[in-house]
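Peer 1: starting from these lines, generate the structure:
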Amino acid sequence: MADCQSAGIRVQMITGDHAATAAAIAAQLGLAAQPVVATGAEVEATPDHTLPALAARTDVFARTSPEHKLRVVRALQSQGAVVAMTGDGVNDAPSLKQADVGIAMGQKGTEAAKEASQVVLADDNFASIVAAVHEGRVVYDNIRKVIAWTLPTNGGEVLAVALALLLGLTLPLTPAQILWINMALTITLGLVLAFEPPEDGVMRRPPRPPRAPLMSPFMVWRLVLVSLLFTAAVYATMAWGQWRGMDVDATRTLVVNAFCALEIAYLFSVRYLHGSSFTRRGVRGTPAVYLAVLTVLVLQLLFTYTPWMQALFSSHPVGLLDLLFVIGLGALLMVVLELEKAALRRLDWFDELRAAAPAAKAAAPAG
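Peer 2: Model prediction:
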């Protein structure tokens, strides 16, 4: 119950029990310190236009009939709430069907209740609903992290090459090298985000609006910002190569290594979209992250220093000082992005960073 409350999910009890019994159970569960109780008779006597106000302030509905449950669900939905209704009996079927998410009991539930529901609880345990909400938030976060990773890293490549074509500059990458970055680096590093553990406070954030786009304003901002930062880093690497007197092949090889450093740094930053990556947990990473980074580093060493890879990709060995330069670019990128996240949280520019979405509501199992 505490997890629901911290997650912005209001739990209301709808039961056929006596009002005093229902209120006592609700208080023991921690549903509310002093539960506000309304009886089925009150619901029946309340007209449709004032029922939403009653439903909003009530914690426990007692002595209710199937018709009362259906009216309560509709009243909550009329306020814009996302309603999850649990039930087990034949009489619960209408309200289960009306709810945004109907949840039937798998063990004690009737077939009618199961048929009317979208979800069936195999263990008849309310805690399983909370666990499902937690898992759903983690999966949704990880999907967004993959998108926030994939689009800007590819956007940096596209922007860097397009800028060179528009200005008549030397291409920073050959087509084969772009293919190498996409296949060996981007896919390898991006895949590990699907296995990320939950961020701290995932159940302390209010629910997102049901119609919230996957590409939120914050995600669009991140796409533009990171693409520009990657492009700036590419041309800084090109300038470094020219200053060091490197030929075109060596400079392009250094650009590919710069992408490797930038993508590794961005991986550690994007793992925590809502919080700082400069924590012990953020730096420590996960086994999947370590394996991906190690794989990419080995592949990049092969790309840079083995003759057969040099013949395939026109790569060229680079010195230690040059490698330290691209590593420094990666570290600088991570610092900039962490400062950006801290500034956005302080400035309160984006809804998802201040977590100000309206709360969803759920109805507890009928008694």
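Peer 1: just the pLDDT at the residue sitting nearest the centre point of the chain, thanks.
Peer 2: Nearest to the mean C-alpha position of the chain, by Cα atoms, centre = their mean, lies residue 141 at 1.4 Å. What the model reports for residue 141 is a pLDDT of 89.
Peer 1: quick check: closest non-adjacent residue to it.
Peer 2: residue 199 (6.6 Å; Cβ to Cβ, 6 or more residues apart in numbering). In short, each C-beta sits where N, CA and C put it, glycine included.
Peer 1: pLDDT value on residue 354, please?
Peer 2: Per-residue pLDDT puts residue 354 at 57.
Peer 1: where do the strands sit along the chain?
Peer 2: 10-14, 37-39, 60-62, 83-87, 101-105, 119-121, 361-364 (DSSP state E).
Peer 1: from residue 333, how far off is the residue nearest to residue 141?
Peer 2: 21 Å (Cβ to Cβ, to the nearest Å).
Peer 1: same question for residue 59.
Peer 2: Taking Cβ to Cβ, one finds residue 59 at 49 Å from residue 333.
Peer 1: and what of residue 247?
Peer 2: 26 Å.
Peer 1: which of these two has more residues huddled nearby?
Peer 2: Taking neighbours as other Cβ atoms under 10 Å, residue 247 and residue 333 compare with residue 333 leading, 23 against 11.
Peer 1: ok, the closest residue to the more buried one other than its chain neighbours - contacts?
Peer 2: Once flanking residues are discounted, residue 333 sits nearest to residue 265: 4.9 Å by Cβ to Cβ, 6+ apart. Taking Cβ atoms under 8 Å, 6 or more residues apart in numbering as the criterion, residue 265 is in contact with 330-331, 333-334.
Peer 1: residue 130 too?
Peer 2: Listed by Cβ under 8 Å, 6+ apart, the contact set of residue 130 reads 3-4, 7, 203.
Peer 1: then residue 296?
Peer 2: Contact analysis of residue 296 by Cβ under 8 Å, 6+ apart lists 184-185, 188-189, 260, 263-264.
Peer 1: in TSV: the residues you listed, plus distance to residue 298.
Peer 2: What follows is the contacts of residue 296, written out as TSV (distance: Cβ to Cβ, whole Å):
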residue	distance to residue 298
184	10
185	12
188	10
189	13
260	11
263	15
264	13
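Peer 1: now which of the residues you listed would you call buried?
Peer 2: 184-185, 188-189, 260, 263-264 (16 or more other Cβ atoms under 10 Å).
Peer 1: quick one: which of those is nearest residue 97?
Peer 2: Residue 97 lies nearest to residue 189 out of these, by Cβ to Cβ, at 44.9 Å.
Peer 1: how about the helices in the stretch 1-150 of the chain?
Peer 2: Ranges of helices in the stretch 1-150 of the chain, per DSSP state H, counting those that start in this stretch, are 2-6, 19-29, 40-45, 51-57, 66-78, 93-98, 111-116, 126-167.
Peer 1: restrict the first one to CA atoms and write it as PDB.
Peer 2: Written as PDB, here are the backbone C-alpha positions of helix 2-6 (Å, rounded to 0.1, in the frame of the first residue of the first chain):
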ATOM      1  CA  ALA A   2       2.900   2.300   0.800                       C
ATOM      2  CA  ASP A   3       4.400   1.600  -2.600                       C
ATOM      3  CA  CYS A   4       1.200   2.500  -4.300                       C
ATOM      4  CA  GLN A   5       0.900   5.800  -2.400                       C
ATOM      5  CA  SER A   6       4.500   6.800  -3.100                       C
END
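Peer 1: now do stretch 59-67: distance to the chain's middle.
Peer 2: Its chain's average C-alpha position is 36 Å from that of stretch 59-67, according to Cα atoms, centre = their mean, to the nearest Å.
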